[in-house]
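> Need a 3D model of the following:
(chains A and B)
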Amino acid sequence: MTNTNNSPAPERIDQATLLQEQTDPLTHTPVHLLELKDVGKHYGNIIALTGVTMAVDTGRVTCVLGDNGAGKSTLIKIIAGLHQHTTGTLEIMGAERKLNSPREALDSGIAAVYQDLAVVSLMPIWRNFFLGSELTKGLGPFKSLDVEKMKKITKDELAAMGIDLRDVEQPIGQLSGGERQCVAIARAVHFGAKVLILDEPTAALGVKQSGVVLRYILQARDRGLGVIFITHNPHHAFPVGDRFLLLKRGKSIGYYDKKDITIDELTSQMAGGAELAELAHELEQSGGHADVLAEVKAEVADALDTPAAGRHS
Amino acid sequence: MTNTLLTPPTAPKVADERVASKGAISTLLGRPEFGALVGAVAMFAFFAFVAPVFLQPSSFATVLYGSSTIGIMAVGVSLLMIGGEFDLSTGVAVISSALSASLFSWYFGTNVWVGVVLALVVSLAVGFINGWILIKTNLPSFIVTLATFLMLTGLNLGLTRLIGGSVSTPSIADMDGFESARAIFASSVNIAGVEVKITVFIWIALVAVASWILLRTRIGNWIFAVGGDANAARAVGVPVIRTKIGLFMGVGFCAWILGMHNLFAFATVQSGEGIGNEFLYIIAAVIGGCLLTGGYGSAVGGAIGAFIFGMANKGIVYAEWNPDWFKFFLGLMLLLATIVNLVVKKRAETK
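Next up is the predicted model:
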């Protein structure tokens, strides 16, 4: 299957050459930056997640796709140290680990950027950037913030991510949603994250802003981070992703390398052909909407035509 | 920086053309205490006009003294409010502090400094308990501190009667250490022939220290963060629990200073006093531009708020008006100040 490069990324990121070098890291690299094997999570007798296998590597984007309630957030929480897995193994650089707190995850180089939890909106950008890890100068009780240095680093780091801010002194609440995400990403990068988890960064954004965030994801990848990109939108995932994990009702329903799957297959897997057929049936019953009905039926045919062609697990 | 190789060259160091150099006026407008400053200037001009005696150095020293007794507490309360909480127990906590120093040293016949140290421990403990219950129960600070307010009120009255046998404490004026403690907490300094109470200087020092903490230390950053968005703060590793408890203890520390002043200025303490004062401190902080919901404000603002309060309080006397009207003006001032702050803040944010 050829890789149709329909990425909106800037020219200097060449998806095709990047993938040619990739011999299938799933089998050929000795250790992954982060690897989950058959991971599951039970809350008492409720099975929230089961049988998830995935890997994250330096300079690669692993996308986790799934609808609401598919278990995406449980998965991130396990990786970010908020919850602990009950079955399977989680390995960081080949060593088996169980992360007991977000701090522990951070210390292992795993940083999560949550959609709503990123920033304190009334505070200036530079204060947000260094919040919790402020730089100080001076000694003992006279230790004070190194304001100039922090402002400079903030401006430079954000410029490196491709956003040129007017003024790092303005409250972060004045930035657009995409820019705020970017500040959070740049912050994680600056503080030495090796694995970056992005929880639905494009969910609340418009088309243009989503494009901006996707570009930042590629920027982070090019700076050598392993990125976990959680989304329910295959059109956002496919252009930037190298691997795709599909979740449904707490189960992994597929794990693909980019070369093994097309965006159409990804979409149909996500949407589920059966559900589309049901929708067509409902529309038929209610009568009218002939044009809509035809469209849905075409989609159903499409979905049934390509059932998980590139599946390799 | 993890990977400098892939970093595109940063923008050349030229002034950004999208930032029109912010004029001094709009910088001032963006400050949280701007509204209060305007109010303070207006009120000063008003009383200088209607009661010229207001301008005499000695009357001004009195105004400053009145302001400082509110202002000392307003420092702690402002910081707490920026940190997203508030405290209804402050008024009686001041009296609790004075009572514990006075009753302890009187009952055991110790040097009063022993009582002073004990009072500090008690005040910090009250703050700690407020903060700790708040964190443990997740109840709003309104409920928690209302409960401590009531409990302290009861304890003040009950214990004072139980130990001293009366509603006011026995005088400690002739006890060891009283004079030295009085020199620290309740003396006056003569400046060019005008007696200025020492609390004025303590007040100014506290405001300076609090401003420095707020704007130039990590703790200050954390205070803004826990008030602005505690969850976000926690997610990036800010010790939210310690910061909040620390803020309540800071209020306790201020209550201790004011309590010691009350004790050594009068040698006895009325156990039923202090009720209602907590609102004055909160009013000072709010007039000074601290947002009730947290995350915004300044220590200087709280000080200006206290100064406005002091001017109104004494100015009415100097203008020879009936002080009955004072509370009405206080309420009106609060309303106006809050509206001005709201407008100023909105303007500052959109610019």
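
> For the closest residue to chain B within the stretch 201-313 of chain A, report the pLDDT, please.
Going by CB to the nearest CB, chain B is nearest to A:R223 of the stretch 201-313 of chain A, at 4.5 Å. Bear in mind the C-beta positions are built from the backbone N, C-alpha and C, glycine included. Predicted confidence (pLDDT) for A:R223: 82.

> One more: the one 5 residues further on?
The per-residue pLDDT reported for A:I228 equals 92.

> three-state assignment of it?
strand (DSSP: H, G, I helix; E, B strand; the rest coil).

> which residue sits closest to it, ignoring its sequence neighbours?
A:I197 (4.6 Å; CB to CB, 6 or more residues apart in numbering or on different chains).

> need the contact list for the one you found.
By CB atoms under 8 Å, 6 or more residues apart in numbering or on different chains, the contact list for A:I197 reads A:76, A:79-80, A:110-113, A:228, A:230.

> where's it, which helix or strand?
strand A:195-199 (DSSP states H and E).

> B:V144 and B:G302: what is the separation?
22 Å (CB to CB, to the nearest Å).

> thinking again about what came up before, angles on the backbone of the residue of the stretch 201-313 of chain A closest to chain B, please.
Backbone geometry at A:R223, expressed as degrees, to the nearest 10, gives phi -90, psi 10.

> Which of the contacts of A:I197 sits closest to chain B?
Nearest member of the contacts of A:I197 to chain B, counting by CB to the nearest CB, is A:A112, at 8.0 Å.

> The helix or strand hosting the closest one pairs with which strands, parallel or anti?
Per DSSP H and E, A:A112 falls inside strand A:110-113. Strand A:110-113 has the following strand partners under DSSP bridges: strand A:195-199 (parallel).

> which SSE is the residue nearest the centre of chain B in?
The residue lying closest to the centre of chain B (CA atoms, centre = their mean) is B:A74, at 1.4 Å. Under the criterion of DSSP H and E, B:A74 resides in helix B:57-82.

> quick one on the thing from earlier: which residues touch the residue nearest to the centre of chain B?
B:281, B:284-285, B:288, B:302-303, B:305-306.

> Could I get the residues you listed in CSV, plus columns for pLDDT, neighbour count and distance to chain A?
As requested, those are exported to CSV (pLDDT from 0 to 100; neighbours: other CB atoms under 10 Å in any protein chain shown; distance: CB to the nearest CB, whole Å):
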residue, pLDDT, neighbour count, distance to chain A
B:Y281, 93, 34, 23
B:A284, 91, 31, 21
B:A285, 92, 32, 16
B:G288, 87, 34, 17
B:G302, 92, 36, 18
B:A303, 94, 31, 21
B:G305, 91, 34, 20
B:A306, 93, 32, 24
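
> ok, B:S100 touching B:L120?
No: between B:S100 and B:L120 there is no contact under CB atoms under 8 Å: 9.4 Å.

> okay, those two: which has more neighbours?
B:S100 (26 against 20; other CB atoms under 10 Å in any protein chain shown).

> phi, psi of the more buried one?
According to degrees, to the nearest 10, B:S100 has phi -70, psi -40.

> What distance do you get for it to B:V251?
If you go by CB to CB, the gap between B:S100 and B:V251 works out to 16 Å.

> What of A:A271?
Counting by CB to CB, the gap from A:A271 to B:V251 is 57 Å.

> Which of those two has more residues huddled nearby?
Under the neighbour definition other CB under 10 Å, A:A271 and B:V251 were set side by side, and B:V251 has more, 31 against 17.

> in which helix or strand would I find A:T89?
strand A:87-92.

> what's next to the helix or strand following that strand, contact-wise?
On the C-terminal side of strand A:87-92, the nearest following helix or strand under DSSP H and E is strand A:95-97. The contact list for strand A:95-97 (CB under 8 Å, 6+ apart) reads A:89-91, A:108.

> For A:G69, which residues are in contact?
A:R249.

> Quick check on it: phi, psi?
phi 80, psi 10.

> Need the pLDDT of residue 292.
You didn't say which chain, so I picked chain A. Reported pLDDT for A:V292: 71.

> not quite, I wanted chain B
Value listed for B:L292 in the pLDDT field: 81.

> How about the one 4 residues further on?
B:Y296 is assigned 87 on the pLDDT scale.

> was I right about it contacting A:S121?
No: B:Y296 is beyond contact range of A:S121, at 10.5 Å (criterion: CB under 8 Å).

> ok, back up a step: pull out the buried positions in the helix holding B:A74.
For helix B:57-82, the neighbour count (16 or more other CB atoms under 10 Å in any protein chain shown) marks B:59-82 as buried.

> which residues in chain B form helices?
B:24-29, B:34-50, B:57-82, B:90-108, B:112-137, B:141-164, B:178-185, B:198-216, B:218-228, B:230-235, B:240-266, B:277-287, B:299-318, B:326-350 (DSSP state H).

> can those go into a markdown table with extra columns for distance to A:A290?
Converted to a markdown table, the helices of chain B look like this (distance: least, CB to CB, whole Å):
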| stretch | distance to A:A290 |
| --- | --- |
| helix B:24-29 | 60 |
| helix B:34-50 | 63 |
| helix B:57-82 | 62 |
| helix B:90-108 | 72 |
| helix B:112-137 | 61 |
| helix B:141-164 | 60 |
| helix B:178-185 | 88 |
| helix B:198-216 | 66 |
| helix B:218-228 | 54 |
| helix B:230-235 | 49 |
| helix B:240-266 | 58 |
| helix B:277-287 | 63 |
| helix B:299-318 | 66 |
| helix B:326-350 | 49 |
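
> which SS class is A:F244?
Going by three-state DSSP: A:F244 is strand.

> Let me know the distance separating it from A:T267.
11 Å.

> same deal with A:T202?
16 Å.

> Where does pLDDT dip in chain B?
Along chain B, the parts satisfying pLDDT under 70 run over B:1-30, B:344-345, B:347-351.

> redo that, cut-off 50
Applying pLDDT under 50 to chain B picks out residues B:1-17, B:351.

> Then the stretch 151-300 of chain A?
Short version for the stretch 151-300 of chain A, where the test is pLDDT under 50: none.

> Break down it into its helices, ranges please.
Remark: helices assigned in the stretch 151-300 of chain A by DSSP state H, counting those that start in this stretch are A:177-190, A:207-222, A:234-240, A:263-271, A:273-286, A:290-305.

> Pull the distance from the third one to the chain's centre.
Between the centre of helix A:234-240 and the centre of its host chain there is 10 Å, according to CA atoms, centre = their mean, to the nearest Å.

> And that helix, what's buried?
Buried-residue list, helix A:234-240, by 16+ other CB under 10 Å: A:234, A:236-240.

> now do the fourth one
Within helix A:263-271, the residues that qualify as buried by neighbour count (16+ other CB under 10 Å) are A:264-271.

> who in the stretch 51-200 of chain A is up against chain B?
When proximity is defined by CB under 8 Å from any CB of the partner chain, the stretch 51-200 of chain A lies next to chain B at A:102-103, A:106, A:112, A:114, A:117-123, A:127, A:130-134, A:136, A:143-145, A:147, A:155-157, A:159-160, A:162, A:164, A:166-167, A:171, A:173-174, A:187, A:189-190, A:192.
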